[in-house]
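> No sequence on hand, only this structure:
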Ligand SMILES: Nc1ncnc2c1ncn2[C@@H]1O[C@H](COP(=O)(O)OP(=O)(O)OP(=O)(O)O)[C@@H](O)[C@H]1O
């Protein structure tokens with residue numbers, strides 16, 4: 001019997017849930033007292049001071065700390081669901097204390113379709129056991145909770161009624177029921193089973209949106225639940241149109257995996273998101289599911305430490321930078337930049353000289369004479385008036401401080417050394433040969449430096465008279481003396497400041513940013529892109545990289561970041577600075593110091609901390625995977641070489657112009673791991689009226705591709721508005737204002753990328769509920785209402801423009817207004833060309 005207007009039945013059912021919730025809170029309070037007692041007790045034991053007592057204290061405090069932390073975090077609204085079940089087939093209790101059988105027993109339903117509810121389970125964010133170990137609340141991720149999500153009227157299993165309980169703090173506010181077996185006359189404790197409301201899903205979907213995403217834990221649908229709980233073997237691929245819950249499912253899956261195998265995922269879960277806006281939008285979901293520390297949500301432009309993409313590339317430059325052909329270009333650049341650095345170092349100018357002396361290894365030959373006397377080395381380099389290079393080098397490299405404290409460039413096209421009273425000289429030609437021979441290997445350029453140093457010493461040694469002397473020792477069988485002679489020579493030279501300066505200048509430590517900056521020089525880049533990019537592409541690339549400035553510290557684009565990551569591999573990562581460790585071992589051992597401050601830490605800070613500590617993850621989730629360029633796939637792939645993967649995306653929303661190339665790079669990143677594919681088919685975001693309009697663009701963008709089925713309808717059709725008097729700003733502002741009056745939540749105004757700054761000004765003063773977004777920034781986000789400005793502009797902005805427009809049109813949960821400008825050629829009804837039937 002579904003209750004519509006009878007408040008008494010509703011109130012009674014709310015009372016039933018309140019009673020249960022009270023019981024749960026009483027139990028939680030007991031547990032908090034227990035945890036506090038444990039912590040106090042542990043602290044007292046700590047005063048005893050024996051090693052055994054300390055170890056015990058640490059273990060206890062750690063456990064209690066975890067407990068308190070979880071309880072405090074999850075005290076709000078953690079019980080949200082309930083299922084009423086028929087008697088199951090096997091009657092055995094599972095690990096959660098629940099009957100685990102999924103199918104009803106043969107005699108659970110009588111011939112007259114009457115049935116008695118045999119078991120009721122409450123579902124929440126964490127499990128709570130009563131003092132007799134019976135489950136008061138079952139963790140939503142536990143197997144026993146699965147029927148709450150999996151049961152449908154088509155395949156109900158044992159579930160007769162699924163109830164969502166809404167509560168705030170300790171107070172139950174309402175309940176929403178879905179009847180899974182409407183054909184039965186079910187009773188509970190002899191009373192007919194009451195059914196309240198129109199179902200939780202519809203209630204959730206109709207709610208106003210804020211600027212942050214909510215979890216869907218109380219209304220996960222069966223096809224989504226299959227993905228969330230899919231075993232984490234190798235690669236799980238999830239496809240589905242806009243609004244099918246892909247992002248929501250990805251986040252819930254992270255929480256599920258941690259629950260299911262916490263030890264395995266202690267290696268960390270990385271969620272790669274397309275934009276910082278989407279990171280900000282989604283980062284509250286995991287904490288609301290009781291999971292935080294192990295999951296890092298990062299924008300694809302922030303995956304490299306110390307780099308944060310803030311600039312945008314125009315589509316043609318983005319296309320070059322994202323292409324897999326860049327691997328070759330970067331390889332050439334990483335090696336070529338080294339040469340460039342040396343070449344560009346100033347010649348002529350002040351002359352630097354340093355002297356060094358060393359007592360030679362006082363080995364004695366057979367005659368009792370000193371094998372060699374005092375080695376005198378003298379290195380001569382010439383200082384230039386400054387360096388013209390834009391190559392990033394490690395601190396104190398190309399330039400060296402002269403005796404007068406002034407910095408001067410070191411000449412690198414010649415090396416002169418005085419050793420054993422003899423002048424040894426390597427000319428440009430020889431130096432070049434040595435460099436080429438070192439570079440013929442494949443090792444990262446910065447890691448080849450020790451080898452370059454050795455070959456330099458070899459070449460100098462070969463020219464010194466000492467080489468033949470050592471040869472004589474060798475022929476007399478005195479290898480030790482020969483080695484000592486050579487060792488002395490090497491030590492002497494390499495302890496000279498001038499030699500070190502020369503090496504630093506001739507083989508500087510290259511930084512990824514420095515090499516990118518060097519690529520902004522069109523002439524040099526032309527050499528590195530030969531036969532890989534055409535001239536136009538090469539020029540575009542160089543121009544776009546000028547943004548980084550001569551030292552490479554300028555603003556980066558999201559595509560630059562993937563190039564930096566590739567360069568880091570090609571150059572060899574500089575050693576990471578060691579983290580300062582607290583010396584007091586107790587501070588490292590106790591749970592509290594570690595756990596308590598975490599509550600103050602935001603998801604972003606946590607993500608940053610995790611990323612700083614980790615370069616590889618146990619599981620990688622890629623959201624909006626259709627947008628990763630080949631270079632980005634390589635970057636993400638490096639972070640999950642040993643990982644299992646969940647890859648979530650929709651080809652129809654891809655803003656990358658060459659999907660085949662990206663698919664190839666994706667295959668490379670994921671390797672030969674087997675893949676399991678899922679498709680989500682229901683659009684939970686857009687009402688049917690908006691989905692229908694978007695489907696027209698989909699038909700143009702990807703003919704033959706199916707649209708997801710919209711789950712609800714609002715009766716409000718999209719509105720078409722034509723710019724009046726050529727004043728786009730005024731028209732957009734007016735439409736945004738109009739929508740603000742019609743919805744309670746947020747309004748998004750989506751414009752072509754080149755208009756995004758302008759658009760923010762158009763909306764000034766309209767308040768925080770409205771935001772302006774570039775079309776690419778709208779990825780993954782949603783608003784109660786949207787204004788899509790000039791569809792033709794968005795569609796023309798890049799080769800993938802129609803797909804980008806499809807994304808823009810599918811952001812609204814309630815109302816959509818399309819503003820068409822002059823070039824959109826609206827018909828008499830104001831419908832722009834692209835959106836006509
Ligand atoms: N089972 C559900 N119950 C309630 N709300 C849901 C459910 N599934 C999805 N939603 C809601 O539908 C909206 C769309 O979800 P989400 O953003 O995850 O979709 P998506 O597939 O990632 O979309 P897009 O591809 O457009 O980025 C969100 O508001 C989400 O909370």
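Right, received. Where do you want to start? Keep in mind that this is a model prediction, so the values were computed, not measured.

> List the residues that contact residue 154.
Under the criterion of Cβ atoms under 8 Å, 6 or more residues apart in numbering, residue 154 has no contact partners. Heads up, the C-betas are built off the backbone N, CA and C, glycines and all.

> Shouldn't it be within a helix?
No: checked against DSSP: H, G, I helix; E, B strand; the rest coil, residue 154 lies outside a helix; its state is coil.

> Tell me how far the residue in the stretch 701-837 of the chain positioned nearest to the ligand lies from residue 274.
Among the residues of the stretch 701-837 of the chain, residue 780 lies nearest to the ligand; the distance is 4.1 Å by Cβ to the nearest ligand atom. In this view, residue 780 and residue 274 are 6 Å apart by Cβ to Cβ, to the nearest Å.

> Could you tell me which residues touch both of the two?
Common neighbours of residue 780 and residue 274 (Cβ under 8 Å, 6+ apart) are 623, 624.

> before we move on, the earlier item: SS state for the spatially closest residue to the residue of the stretch 701-837 of the chain closest to the ligand that is not a sequence neighbour?
Excluding the flanking residues, the one nearest residue 780 by Cβ to Cβ, 6 or more residues apart in numbering is residue 278, at 4.2 Å. Following three-state DSSP, we place residue 278 in the helix state.

> Which residues are in contact with residue 278?
247, 299, 623, 624, 779, 780, 781.

> What helix or strand is the residue of the stretch 701-837 of the chain closest to the ligand located in?
According to DSSP states H and E, residue 780 maps onto no helix or strand at all.

> dump the residue contacts of the closest residue to the ligand within the stretch 601-750 of the chain.
In the stretch 601-750 of the chain, the residue that lies nearest the ligand is residue 684 (3.6 Å; Cβ to the nearest ligand atom). Residue 684 sits next to 201, 205, 221, 243, 244, 245, 711 when contact means Cβ under 8 Å, 6+ apart.

> Quick one: those as CSV, columns for neighbour count, secondary structure and distance to residue 790 too.
Formatted as CSV, those follow (neighbours: other Cβ atoms under 10 Å; DSSP: H, G, I helix; E, B strand; the rest coil; distance: Cβ to Cβ, whole Å):
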residue, neighbour count, secondary structure, distance to residue 790
201, 20, helix, 35
205, 18, helix, 29
221, 19, coil, 36
243, 27, coil, 23
244, 26, coil, 27
245, 26, coil, 30
711, 19, coil, 30
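
> Which of those residues sits closest to the ligand?
Closest to the ligand, out of all of the contacts of residue 684 and judged by Cβ to the nearest ligand atom, is residue 245, at 3.2 Å.

> Quick check, that closest one in contact with residue 216.
Yes: taking contacts as Cβ atoms under 8 Å, residue 245 lies within contact range of residue 216: 6.8 Å.

> Share the number of residues neighbouring the residue in the stretch 401-550 of the chain that the ligand sits nearest to, please.
Distances between the stretch 401-550 of the chain and the ligand by Cβ to the nearest ligand atom are smallest at residue 544, namely 27.9 Å. Neighbour count of residue 544, defined by other Cβ atoms under 10 Å: 22.

> Tell me which residues touch residue 110, please.
No contacts exist for residue 110 under Cβ under 8 Å, 6+ apart.

> on that earlier part again, could you tell me which of the contacts of residue 278 count as buried?
Burial of the contacts of residue 278 was assessed by neighbour count (16 or more other Cβ atoms under 10 Å); the buried members are 247, 299, 623, 624, 779, 780, 781.

> which residues does the third one contact?
With contact taken as Cβ under 8 Å, 6+ apart, residue 623 is in contact with 246, 247, 250, 271, 272, 273, 274, 278, 648, 649, 780.

> One more: the first one?
Under the criterion of Cβ under 8 Å, 6+ apart, the contact list for residue 247 reads 213, 278, 282, 623, 624, 648, 780.

> Ok, residue 685 next?
Residues near residue 685 by Cβ under 8 Å, 6+ apart: 242, 243, 782, 810, 811, 812, 813.

> Out of the residues you listed, which is nearest to residue 229?
Nearest to residue 229 out of the contacts of residue 685 is residue 243 (Cβ to Cβ; 21.5 Å).

> Pretty sure the closest one sits against residue 686.
Yes: between residue 243 and residue 686 there is a contact under Cβ under 8 Å: 5.4 Å.
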